[in-house]
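[1] just the structure for this:
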Amino acid sequence: MSVEVEDKEFVALNTASIEKLLATGGRQASDRRSRERRREKRWPFPGTVQFWVKDQFGEEVQILGTCDNMNEQGIGVLCGRALEVGLRLPIAIHQPEATYHGEGVVRHCTPWENEYFIGIELIEAVDG
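    Residues are numbered from 1 along each chain as shown. Predicted structure coming up:
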């Protein structure tokens with residue numbers, strides 16, 4: 001008996017891939033002023049976000065969160081764990097058609113109900 005493994009595309013997070021992702025999965029622009037301090041609007045974009053941080057022993061730990069919104073510069077993530085402002089971390093945004101991967105920097109971490117709302121600025125990879 002053979003089992004077929006679904007091939008999933010891995011796409012680098014950059015301005016072009018985020019624009020494409022928003023065009024296919026984003027909804028109308030968010031204007032939630034209660035949490036808005038940025039100049040650029042973000043689009044509601046639900047989905048699973050995965051990132052990795054080092055624990056107190058220096059071991060890499062996987063953390064899952066839920067993407068709340070995004071734009072070309074960053075994402076807002078709801079997560080059960082606080083992250084340190086300034087922390088640089090690898091990110092993967094999982095969608096049915098592809099996994100988008102890249103790096104980000106935590107810009108804020110705010111308690112939000114029983115979790116944390118984390119603003120992550122995306123760092124666009126530059127091909128050398």
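
[2] by mean pLDDT, flag the weakest helix or strand of the chain.
    Ranked by mean pLDDT, DSSP states H and E, the weakest helix or strand in the chain is helix 15-25, scoring a mean of 77.

[3] buried stuff in that one?
    17-18, 21-22, 25 (16 or more other Cβ atoms under 10 Å). The C-beta positions use only the backbone N, C-alpha and C, and glycine is treated the same way.

[4] can you name the next helix or strand after it?
    With elements assigned by DSSP states H and E, the helix or strand that comes after helix 15-25 is strand 43-54.

[5] angle of the next helix-or-strand element following that following strand against helix 15-25?
    Using DSSP H and E, the helix or strand that follows strand 43-54 in sequence is strand 60-70. Interaxial angle, strand 60-70 versus helix 15-25 (axes from the mean of the first three to the mean of the last three Cα atoms, to 10 degrees): 60 degrees.

[6] neighbouring strands - and their directions - for strand 60-70?
    strand 43-54 (antiparallel), strand 74-79 (antiparallel) (DSSP bridges).

[7] gap between the top strand by length along the chain and the chain center?
    Of all the segments assigned as strand in the chain under DSSP state E, the longest by residue count is strand 98-112. Chain-centre distance of strand 98-112: 4 Å, with Cα atoms, centre = their mean, to the nearest Å.
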